[in-house]
Structure formats: structure tokens, C-alpha cells
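Enquirer: 3D, please:
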Amino acid sequence: MVEADRSSAAETDEVVSTAPVKVDVRNLTISYSGKTALRDVTLDIRQNEIFGIIGPANSGKTSFLRALNRMDLFIPGMKVDGSIVLDGREVRKWRNVYALRRRIGVVFPLPVGLPMSVYDNVALAPRLAGIKKRARLDPIVERCLQRAALWDEVKDRLDSLGSLLSGGQQQRLTIARALSQEPDLLLLDEFSIAVDPVTTMRIEEVLKELKQELTIVLVTNLVQQARRLADRTAFFLTGELVEVAATSALFSGEVNDERTRAYVEGRFG
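Expert: Have a look, this model is predicted:
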């Protein structure tokens, strides 16, 4: 069984290593009002992989996601230096940042159900994109809710307030809302922090399926979650990228830095 697992991991590693680069990050440095949060990060994220980012609090993980989605435009004092290239195009050179964000879905740590119905939560992005007719919106809403493993639970109460759903359901609604943009890059920041273990496992299964369609960047404080989901994993520590490796290698002890080994073994964090 162990040999079969190793063989499967090796096959996955080979597929990821030959996949096209989706996001190419070079010399990324992020600061807030002059205080550095992330220093000189260089890495790439491959097409159709789940790219995990682990590390203790204040390591720069969330700042990294903010830079990918150009959130610095709305955060006073946040400064981003370096290069982030999405599908061959520098993200900071997009004149229409909203067009960029339509390609990048984001799921935050705490579920945020907008003060509108379940249906309208998911239909919001398509409507903003110009789709107004119910006949066109209905299949989009159903498809996104199905992809987020929520359709069967809410199909009979689509007109109910999304904010009245349980925490786990709201988090899956947030995922469905992100998917309604038809993104090709999905960023998840501690999606399971306010979700029960059973719902967490359901969402993890959803993510495994979604990576067939898009690329996922997963920030998590749960080391074992990265082990279960990520094809490759980056370890951030106090604003530094310590190393990036195939997840199977990282958790089998094939690391370049003893700090990585100590963290994944739970000796600090």
C-alpha cells in the first residue's frame, strides 16, 4: 500500500512539473507603511494544481494572496514590489483591475453571506457581467452550487437569505459565489477556520474535483490539510519563503531546510 501511495505521488509530481506555469512570481516584496511583511519571494504556480502555502501566523501568507488579486489598491499603506505574471501578463499592468479579479476568485477565512438570497448571492457576478435573464442565470446558479456541493441542501430554499445558512453552508456558498465568476485561479485563505470537520472534508473533496478545471492556491494553518490536498507546498516563515517542494517530498522529510522539517513535524508553529 505504501509503495502504491509513493508511486501515485511520483506520478502526480511528474504531471505538475511538466504543466504550464499559471502564475510566475519574481522577487515579490510586500510592506505595510514601511514594515516588510514578505521579502523577495520567487516561485511559480502550475496550471491545474493545488498549490499549498503553510507557515505560522504573520509569515506573509495572506499578504501573498492579496498581491495576486491586487488588493493593495484598497489597503492603505500596502506596497508591492516585484513581478507577478498571470498567464504571461503582468498583473500590475492590467488597466481594468476588475477584469483581472473576474479571473481570480477569492474565498476568505470567515464565510460572508451577502445580505441577499442564496440565489442572488451566486447570481451577483453573472449579473454584473451583463447576464440578466433568469433563463440564463438559473443554470449558472445551479451549476455553481453543485460544484460547491451545496445544491442538494438549498435547492428548495434559493429565495432564503444566504446569511441564515449554517456556517459550513455559508462557506460553500462563498465558494459557489467565487465560482460564478468563472475564474481560472481560485485563492483560498484558511477556508476551514470556521467550519466543522465534516464540512471541511466535503469542501476538500470539492477542491480535488475543481482542480481539473482551474488552478487553486490554498493558504492553510492546518499542515495536514496541505498534506491531503496540495500537489506542491511552499513554507513561509517570518516573511521569508523558506522553500517550495512537492508535497509528497516535503512530508516524507526530503527538505532543504531544517526549519521546514521542524514545522511539518509540529515542533513549532
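
Enquirer: backbone phi and psi for the residue lying closest to residue 36 once chain neighbours are set aside, please?
Expert: Once flanking residues are discounted, residue 36 sits nearest to residue 239: 5.9 Å by C-beta to C-beta, 6 or more residues apart in numbering. From N, CA and C alone the C-beta is placed, and that goes for glycine too. Backbone torsions of residue 239, given as degrees, to the nearest 10, read phi 80, psi 10.

Enquirer: OK, contacts around residue 239?
Expert: Under the criterion of C-beta atoms under 8 Å, 6 or more residues apart in numbering, the neighbours of residue 239 are 36-39, 58-60.

Enquirer: Let's have those residues in JSON lines, adding neighbour count, pLDDT and secondary structure.
Expert: Converted to JSON lines, the contacts of residue 239 look like this (neighbours: other C-beta atoms under 10 Å; pLDDT from 0 to 100; DSSP: H, G, I helix; E, B strand; the rest coil):
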{"residue": "36", "neighbour count": "15", "pLDDT": "97", "secondary structure": "strand"}
{"residue": "37", "neighbour count": "21", "pLDDT": "97", "secondary structure": "strand"}
{"residue": "38", "neighbour count": "25", "pLDDT": "97", "secondary structure": "strand"}
{"residue": "39", "neighbour count": "16", "pLDDT": "97", "secondary structure": "strand"}
{"residue": "58", "neighbour count": "13", "pLDDT": "92", "secondary structure": "coil"}
{"residue": "59", "neighbour count": "25", "pLDDT": "95", "secondary structure": "coil"}
{"residue": "60", "neighbour count": "25", "pLDDT": "96", "secondary structure": "coil"}
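
Enquirer: In these, find the pair that's most separated.
Expert: For the contacts of residue 239, the maximum inter-member distance is 13.1 Å, found between 39 and 58 (C-beta to C-beta).

Enquirer: And the strands in the stretch 101-250 of the chain?
Expert: For the stretch 101-250 of the chain, the strands defined by DSSP state E, counting those that start in this stretch cover 104-107, 185-189, 215-219, 232-237, 240-246.

Enquirer: out of the ones you listed, which comes closest to residue 87?
Expert: The closest of the strands of the stretch 101-250 of the chain to residue 87 is strand 185-189. By C-beta to C-beta, the value is 9.0 Å.

Enquirer: could you dump the closest one to PDB, C-alpha only?
Expert: Extracted C-alpha coordinates of strand 185-189, given in PDB (Å, rounded to 0.1, in the frame of the first residue of the first chain):
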ATOM      1  CA  LEU A 185      -7.500  30.900 -10.500                       C
ATOM      2  CA  LEU A 186      -9.100  30.300  -7.100                       C
ATOM      3  CA  LEU A 187      -7.500  31.700  -3.900                       C
ATOM      4  CA  LEU A 188      -8.500  30.200  -0.500                       C
ATOM      5  CA  ASP A 189      -7.400  31.800   2.700                       C
END
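
Enquirer: By neighbour count, which bits of that strand are buried? Give me those.
Expert: Within strand 185-189, the residues scored as buried using 16 or more other C-beta atoms under 10 Å are 185-189.

Enquirer: For residue 133, the count of nearby residues, please.
Expert: 7 (other C-beta atoms under 10 Å).

Enquirer: gap between residue 57 and residue 268?
Expert: Between residue 57 and residue 268 the computed distance is 12 Å (C-beta to C-beta, to the nearest Å).
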